[in-house]
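**Student:** What shape does this take:
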Amino acid sequence: QVPLVESGGGEVQPGGSLRLSCAASGRTFVSGAMAWFRQAPEKGREFVAAISWPEGRTLYADSVKGRFTISRDNAKNTMYLQMNSLKSDDTALYYCAKSDQFGARLSQYGYWGQGTQVTVSS
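**Tutor:** Below is the predicted model:
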């Protein structure tokens, strides 16, 4: 088990910003990847961004490139997602996930948090 706890969600107006955090308790990560996925109402879970551990390689969905930035703090076992220029289409439940492999496939990720809600609305 690798408990993952997301925080930082909330409601923001279009064009605003939020920063999500994902804290992992338990053993320190030495390899693999962490990622953010999101799920809007009545839609499937979709990939947002991933970062490899410990190299720090990043991968983004086309829909968030240039607006979202994924990062991590190795010492704190914490991952972040800085979200700028938010749009109504970004409204979703955001999940963090952990995998032994770096990539964007849902099936790669075996450990999941409970999610944090992001609502973009005027």
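**Student:** who's the residue nearest the centre of the chain bridged to?
**Tutor:** Compute the mean C-alpha point of the chain, and by Cα atoms, centre = their mean the closest residue is residue 36, 2.3 Å away. Judged by DSSP bridges, the bridge partners of residue 36 are residue 49, residue 96.
**Student:** Now do the contacts for the residue of the chain positioned farthest from its centre.
**Tutor:** The C-alpha centroid of the chain is most remote from residue 122, which lies 23.4 Å away (Cα atoms, centre = their mean). Residues in contact with residue 122 (Cβ atoms under 8 Å, 6 or more residues apart in numbering) are 13, 14. The way it works is simple: take the backbone N, C-alpha and C, and place the C-beta from them, glycine included.
**Student:** For it, give its distance to residue 8.
**Tutor:** Counting by Cβ to Cβ, to the nearest Å, the separation of residue 122 from residue 8 is 21 Å.
**Student:** I'd like to know how far residue 45 sits from residue 51.
**Tutor:** From residue 45 over to residue 51 (counting by Cβ to Cβ), the distance is 18 Å.
**Student:** between these two, who's got more neighbours?
**Tutor:** Under the criterion of other Cβ atoms under 10 Å, the comparison of residue 45 against residue 51 puts residue 51 first, with 23 against 17.
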